[in-house]
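**Q** Curious how this folds, go ahead:
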Amino acid sequence: MGSASTTNLGDIFDLAAAAERTALIDCREWDNPREYTHGELDARANACARGLIARGLEPGQSVALLSANRAEFMIAYMGILRAGLVAVPINYKFSAEIITFILVDADVRLAICDAERAAALRSDVPVVCFDTDGKVSFDTLLHPGPFDVYTAIETDVAMILYTSGSTGRPKGVPLTHAGHLWALRSRLGAFDQHRLLVAAPLYHMNALCVSLVAWASKAQIVLLPEFTAYTYVAAIERFRCTWITSVPTMLAMVFVDPALTENADLSSVKIVRMGSAPVSPKLWAHVEATFPGASIMNGYGTTESGPVVFGARDGAAPPPTSVGWVIQGVGAKLIDASGNEADQGELWHKCPANSPGYLNLPEKTAEAFTEDGWYKTGDVFRRDVDGAHYFVGRTDDMFNCGGENIYPADVEAVLVSHPDIDQACVVPIPDEIKGMKPVAFAVPQAGKSIDENLVKQHALANGPAYQHPRRVLVMNELPLAGPGKVDRKGLTEKALQMWPPGTV
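**A** Take a look at the predicted model:
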């Protein structure tokens, strides 16, 4: 990366080795993609930093980013960091009310947006727009020239990422330069000859962090403005991408239409990295068949504690569907319902990338972080005899049916093991006798049909009877919330509307 001694997360380019190399292919205009070298991105990040300081902004103040994926998003992000300001990437799919809340909560002094998001912004925060001319344009903000990058100290916050808000208002998660430089350096490797495909939204850690790792490694990125199954596959073939990143749901959507991958040349892919959600055995098998010979791995990370927890061990790839082994320099332990360490339980995680705590929420911070720095993730894992870890479910997704604990992911794995079922989501509904009962939403494989009884029978034949879904709704697709994740909360509300308590 740029300087081995840099303290600023926005200062990652190795110009001595890669200034003239292509760093980014921005596919916002599919028919006319724009290429940038490492040197060009570095110069533009400096120009952005100079422009922000010229506006009177001071280190420690917050600047929001509200835009679909594009080169200017990353240029602005790195410029904000270089100036010692705090970047606040916002999920533009949030409601106007939630976006306004974030602008206030993070004390945002300037919002940098694309035209669509700028037009919808309901706030008196000053706006700079990527797509306009004149005083409020991003081009006008840029002041080309050299810049002395802000020297960050150990506690300086680089960015505030907001959780998805699936249970109320989203929580702001401050993340430091020092912590995420540690995470970045721990992921560096021989990536310089790779071309990565990034389609997940840049407001999410999955895409944001892998982009920084790629550039620090002198690699190239192919950036899609947003994910669609067609453009994802088309970009792999057109740009000969060697490394693809995704949320598992994105690849599941790619496989809905078999013709998409059957008719494409995907032989360039050498590495497949998934993250941010569990992977079913069926999806894993699809990935193996589609990208034969590629290194495949499902990663794990959280907004609160960074993207580095598990990985390969001594060069050995993790077993299929596993997230791997705890990596060196990271603390991880599984805590059961009794508060004891066990082979299955809630993951507690500790590393330099851990957030110092939630923004303006001391009580929530005390609930999620221990005094000695452990983050209680809320994610339940099991550990096999060899020490490899497997995602089981969320502690807040688990429910009790007649005295038995049910993790939806366990039931969903059983359902999608049927050859005619592509995706499934299991949620609870109240029951006076059992406490909660599972119901399911299922999506058939392309060209196949399923019915409620088939799904129930398959669940009964392949898992404990108490886990089988009492009712099933067949859908063409599952609704999504956030970066490629199934909208479990919305489906729970739908289930309660369809099957009120006492009717199942």
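
**Q** domains for the protein, by residue range?
**A** 1-14+34-189, 397-498 (automatic domain parsing).

**Q** Format these as a markdown table; extra columns: mean pLDDT.
**A** What follows is the domains of the chain, written out as a markdown table (pLDDT from 0 to 100):
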| stretch | mean pLDDT |
| --- | --- |
| domain 1-14+34-189 | 92 |
| domain 397-498 | 88 |
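
**Q** can you list those domains in CSV and add distance to residue 250 and mean neighbour count?
**A** Heads up, the C-betas are built off the backbone N, CA and C, glycines and all. CSV is the format used below for the domains of the chain (distance: least, C-beta to C-beta, whole Å; neighbours: other C-beta atoms under 10 Å):
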stretch, distance to residue 250, mean neighbour count
domain 1-14+34-189, 13, 19
domain 397-498, 5, 18
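
**Q** just so I know, which of those domains lies nearest residue 243?
**A** With C-beta to C-beta as the measure, domain 1-14+34-189 is the member of the domains of the chain nearest residue 243 (11.0 Å).

**Q** gap between that closest one and the chain center?
**A** Mean-position distance between domain 1-14+34-189 and its chain equals 17 Å (C-alpha atoms, centre = their mean, to the nearest Å).

**Q** Over to stretch 375-387?
**A** How far stretch 375-387 lies from its chain's middle: 19 Å, per C-alpha atoms, centre = their mean.

**Q** Please tell me how far residue 458 sits from residue 429.
**A** 20 Å (C-beta to C-beta, to the nearest Å).

**Q** Can you check the pLDDT for the residue nearest the centre of the chain?
**A** For the chain, residue 206 is the residue whose C-alpha lies nearest the centre (C-alpha atoms, centre = their mean; 3.6 Å). With respect to pLDDT, residue 206 has a value of 84.

**Q** which SS state does it fall under?
**A** For residue 206, the assignment made with DSSP: H, G, I helix; E, B strand; the rest coil gives helix.

**Q** Tell me how far it lies from residue 406.
**A** For residue 206, the distance to residue 406 (C-beta to C-beta) stands at 28 Å.

**Q** returning to what we had before: doesn't residue 245 make contact with the residue nearest to the centre of the chain?
**A** Yes: judged on C-beta atoms under 8 Å, residue 206 makes contact with residue 245 at a distance of 7.0 Å.

**Q** Now list whatever residues contact both of the two.
**A** Contact criterion C-beta atoms under 8 Å, 6 or more residues apart in numbering; residues shared by residue 206 and residue 245: 200, 275.

**Q** what's the spacing between the residue nearest to the centre of the chain and residue 301?
**A** Computed as C-beta to C-beta, the residue 206 to residue 301 distance reads 8 Å.

**Q** try residue 52
**A** According to C-beta to C-beta, residue 52 stands 29 Å off from residue 301.

**Q** Phi, psi for residue 298 please.
**A** Torsion angles at residue 298 (phi, psi; degrees, to the nearest 10) stand at phi -100, psi 120.

**Q** doesn't residue 275 make contact with it?
**A** Yes: if you go by C-beta under 8 Å, residue 298 and residue 275 touch, sitting 6.6 Å apart.

**Q** Give me the common contacts of the two.
**A** The contact sets of residue 298 and residue 275 do not overlap (C-beta under 8 Å, 6+ apart).

**Q** Endpoint to endpoint, stretch 211-230 covers what distance?
**A** 22 Å (C-alpha to C-alpha, to the nearest Å).

**Q** from the middle of its chain, how far away would it be?
**A** Distance of stretch 211-230 from the chain centroid (C-alpha atoms, centre = their mean) equals 13 Å.

**Q** Quick check: beta-bridge partners of residue 25?
**A** Beta bridges link residue 25 to residue 35, residue 222, judged by DSSP bridges.

**Q** Counting neighbours, what do you get for it?
**A** Per other C-beta atoms under 10 Å, the neighbour tally for residue 25 reads 21.
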